[in-house]
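*Asks:* Fold the following for me, if possible:
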Amino acid sequence: MLGSAGCAPGTMGTAEDAAWLRWVTERFQSIAGHDEEIGLEEFKAALQVKESFFAERFFALFDVDGSGTISLAELHGALALLLRGTAADKLRFLFQVYDVDGSGSIDAAELLLVLRACLRESAISLPPQRLHDMARVLLEAADQDGNGSITFQELQQQLEAVPGLMESLTISAASWLKPPAPTRHSRRPRCPTSRSWHNHRGQLAFLGGYVSLNLLLFTLAALRHFGGSGWVAAARGCGQCLNFNCAFIAVPMLRRCLTRLRATPAGRALPLEHCVALHQLVGSAVLALAVLHAGAHVANYGRLAQDGHGALSEFLLVARPGGGGFGGTAPQTGLALQLLLFAMLAFSSPCVRRGGHFELFYWSHLSYVPVWALLLFHAPNFWKWFLVPGGLFVLEKAVGTAVSRAVGLRIVEVHLLPSQVTHLVIQRPRSFRFEPGDYIYLNIPAIAAYEWHPFSISSAPEQQDTIWLHIRSLGQWTTRLYEFFRQPEPLQPHGNLERKRWWQRVQATPCTTPGTSGCSVPSTGDAAIELTSYRRSGAPTTTRGTEDGDRDWDTSLQAVSVGPGESQQLCSIKCYIDGPYGTPTRRIFTSEHAVLIGAGIGITPFASILQSIMYRYRQRKQSCPSCETVWDEDMALRKVDFIWINRDQQHFEWFLDLLAALELQQEEQDPGGRFLELHLYMTSALGRSDVKAVGLQLALDLLAAKEQRDSITGLRTRTQPGRPDWSQVLGRVAEERKGKVHVFFCGSPALAKVVRMHCERFGFRFFKENF
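*Replies:* Residues are numbered from 1 along each chain as shown. Modelled structure (predicted):
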């Protein structure tokens, strides 16, 4: 196809210009065919634009002779202007795009038409009145003579007043015709820099110690049997490593112990944020060692069989004195262990866990119980290795089960947010203590009786009565959760009478609508830090799901419509929680300059952290109004930058009330202060340098400056189009010199790699949220 976003041709040299023109010519000829001309529909398909308005305007400007088609000569003439023309020439092209009727000026009606197309192209939805406001403010700013229209000179002066806009427009004028850059795959790995080694020193030191310990154990065990067969020495070496690894694999899953360890100096030095990756690494090592161990023994049995000491099948299938293990059953227990380990590994793959088959992962992973039991029979010395980690693991399981099942909690309020996000408000136990950024495991018997899933707590510890969770529908369980609360009638399980009775037991008592007696709505009373409910102010309140009096089923949900794409339900569904468990974000309060980066629903742990930070900030400001920083034993922060990246406009609605409350709190406590800075990015919106969005972004800037409010979110912080330029963003952070910078990220692994690379460049510590 003819167009693809990429680097601008305006930055290319003469040789690159010629190569690019050859590429465009070849693409044109492949589309045009023998007549060497293309029509409007072919041009639209080639440009890949969402809004046909721009394709039609570009086509009209390229079609110099007005024949209704574009010839190769006309295309070359237009491209020569975009490539080699002056800034004024390229600005003239933009002006002609906006001057729909060709009158030589842009009036209000044309501005409305263009801005409406720009909104659709950037996937932004605004009320009609805001569209008229943008057209009016843009016309007022550019129309210097007050005649109600914008001339080319007036548009040029207006754009020149915006720093860097003319330069970026000059660069991007032909970018939509630039061929995609070829993907280069380097066969050589990227050499780690000194900063990379410094940032990963904890992981590398731990990994080096782990590998060295395994090599030492293998060597010592192999040397003790070196006088006999080499196969026996290899099997004994692998067996000793298996003793250690089969016990050590439980350590990364000691969540309660690791959470307490985070608060110690040792916890700050150890890479505790990679405990899940370590568990997976040890599991893979166990399987590899088990294969080598079994293979060495089978090879030794084969050697003995050839020497006439018996058949190979007898060695493997028949218990015999001196065969090893309890009662000579080492070969048989070893084969059973191999099967169990292979099953655990197969059902632990991401395609099983995240592909709608979580039950297979859950039940197959419970085979760690028979695995450890068989190891006690298979290896007489395994109990010595297993005693401490195994004892702690059993103790944690027992305590977790007792605590989580001791008190059945209630989901007292549910909000269904845009993009299938479920906001749960859960009754908080009096003894429940957690830190900002912690997560819990949640079990809802009405959804799945045995499944526990981890979710970050999005409410602050200072919120006394309830716990908030924001859950995105990304898998089978989370989708079922959303559908359970979305449907007027809760999903009924299929099965016999006993299962229906079980359903009735897990169903909660009926709920009430706001203002009636019954279950309370704690979220409206948690005023410790002036938190706001997610009900939209001024929205009509209606009850649905109870109009039909003929229905005799009992519902535990009552829904309240609170706005487009959002609903609220007051309920009393039973649930259980296990936790809390710590994450790397606990280090935020010991940082001097914290940069929090959330992508999409990755804002969840930071919602809790931001609320707690502003609560502590307000407390310190009240105790010391003249203090510029808030240093104390609990929080050493001097500056906080929060960056939230979303794909589209709807996703911002998840936490708009919270962000608005944080802006208001900072303005009340420290007018003009910059302790907390918000940075919002909308990736579906076209940037200022795009010819299809420059007018829209200019109008949004002018309207935001006039009203002190962003038109997209309603916040004081202006939403930036496109993706962050991490070099510029982190470069500004480095220039502020507020102390040591720690970057905390929660989002996709692909974006995490990009952010980590830039952090290493600036020497910032990087922490990634992991479950």
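
*Asks:* my read: P445 touches K574, true?
*Replies:* Yes. P445 is within contact range of K574, at 6.3 Å (criterion: CB atoms under 8 Å). In short, each C-beta sits where N, CA and C put it, glycine included.

*Asks:* Would you map the strands across the stretch 401-550 of the chain?
*Replies:* Secondary structure of the stretch 401-550 of the chain by DSSP state E, counting those that start in this stretch: the strands cover 409-417, 421-427, 439-443, 453-456, 466-472, 543-544.

*Asks:* In JSON lines, list the ones you listed along with mean neighbour count, distance to I643 and mean pLDDT.
*Replies:* Listed next are those as JSON lines, based on neighbours: other CB atoms under 10 Å; distance: least, CB to CB, whole Å; pLDDT from 0 to 100:
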{"stretch": "strand 409-417", "mean neighbour count": "23", "distance to I643": "21", "mean pLDDT": "87"}
{"stretch": "strand 421-427", "mean neighbour count": "23", "distance to I643": "20", "mean pLDDT": "89"}
{"stretch": "strand 439-443", "mean neighbour count": "22", "distance to I643": "21", "mean pLDDT": "90"}
{"stretch": "strand 453-456", "mean neighbour count": "20", "distance to I643": "17", "mean pLDDT": "88"}
{"stretch": "strand 466-472", "mean neighbour count": "23", "distance to I643": "18", "mean pLDDT": "89"}
{"stretch": "strand 543-544", "mean neighbour count": "13", "distance to I643": "38", "mean pLDDT": "32"}
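
*Asks:* Including distance to L702, could these go into TSV?
*Replies:* TSV is the format used below for those (distance: least, CB to CB, whole Å):
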stretch	distance to L702
strand 409-417	31
strand 421-427	33
strand 439-443	43
strand 453-456	38
strand 466-472	34
strand 543-544	42
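
*Asks:* Buried ones in the one helix or strand L698 maps to, by neighbour count?
*Replies:* Assessed by DSSP states H and E, L698 sits inside helix 694-707. Within helix 694-707, the residues that count as buried by 16 or more other CB atoms under 10 Å are V694, G695, L696, Q697, L698, A699, L700, D701, L702, L703, A704.

*Asks:* if I look at the second one, how far off is T717?
*Replies:* Just to be clear, that refers to G695. G695 sits 22 Å away from T717, going by CB to CB, to the nearest Å.

*Asks:* Only the C-alpha atoms, please, for whatever helix or strand G209 lives in, written as PDB.
*Replies:* Using DSSP H and E, G209 maps to helix 201-224. Only the C-alpha atoms of helix 201-224 are listed here, as PDB (Å, rounded to 0.1, in the frame of the first residue of the first chain):
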ATOM      1  CA  ARG A 201      23.400  -6.100  40.000                       C
ATOM      2  CA  GLY A 202      21.000  -7.700  42.500                       C
ATOM      3  CA  GLN A 203      19.500 -10.200  40.000                       C
ATOM      4  CA  LEU A 204      22.900 -11.000  38.500                       C
ATOM      5  CA  ALA A 205      24.500 -11.600  41.800                       C
ATOM      6  CA  PHE A 206      21.700 -13.800  43.000                       C
ATOM      7  CA  LEU A 207      21.600 -15.700  39.700                       C
ATOM      8  CA  GLY A 208      25.400 -16.200  39.900                       C
ATOM      9  CA  GLY A 209      25.100 -17.500  43.400                       C
ATOM     10  CA  TYR A 210      22.400 -19.900  42.400                       C
ATOM     11  CA  VAL A 211      24.300 -21.300  39.500                       C
ATOM     12  CA  SER A 212      27.500 -21.600  41.500                       C
ATOM     13  CA  LEU A 213      25.800 -23.400  44.400                       C
ATOM     14  CA  ASN A 214      24.300 -26.000  41.900                       C
ATOM     15  CA  LEU A 215      27.700 -26.500  40.300                       C
ATOM     16  CA  LEU A 216      29.300 -27.000  43.700                       C
ATOM     17  CA  LEU A 217      26.600 -29.500  44.800                       C
ATOM     18  CA  PHE A 218      26.900 -31.400  41.600                       C
ATOM     19  CA  THR A 219      30.700 -31.600  41.800                       C
ATOM     20  CA  LEU A 220      30.900 -32.700  45.400                       C
ATOM     21  CA  ALA A 221      28.300 -35.500  44.900                       C
ATOM     22  CA  ALA A 222      29.800 -36.600  41.600                       C
ATOM     23  CA  LEU A 223      33.300 -36.800  43.200                       C
ATOM     24  CA  ARG A 224      32.000 -39.100  45.900                       C
END
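
*Asks:* Rounded mean pLDDT for that helix, please.
*Replies:* Averaging pLDDT along helix 201-224 yields 88.

*Asks:* Return the member of the buried residues of helix 694-707 nearest to A78.
*Replies:* Among the buried residues of helix 694-707, V694 lies closest to A78 (CB to CB), at 18.5 Å.

*Asks:* The closest one and K44: what is the separation?
*Replies:* According to CB to CB, V694 and K44 sit 21 Å apart.

*Asks:* what do you get for R709?
*Replies:* 36 Å.

*Asks:* between these two, which one's more packed in?
*Replies:* For R709 versus K44, neighbours defined as other CB atoms under 10 Å are more numerous around K44 (16 against 13).

*Asks:* That one is in what secondary structure piece?
*Replies:* Counting by DSSP H and E, K44 is found in helix 40-47.

*Asks:* picking up where we left off before, just how off-centre is the helix holding G209 within its chain?
*Replies:* 35 Å (CA atoms, centre = their mean, to the nearest Å).
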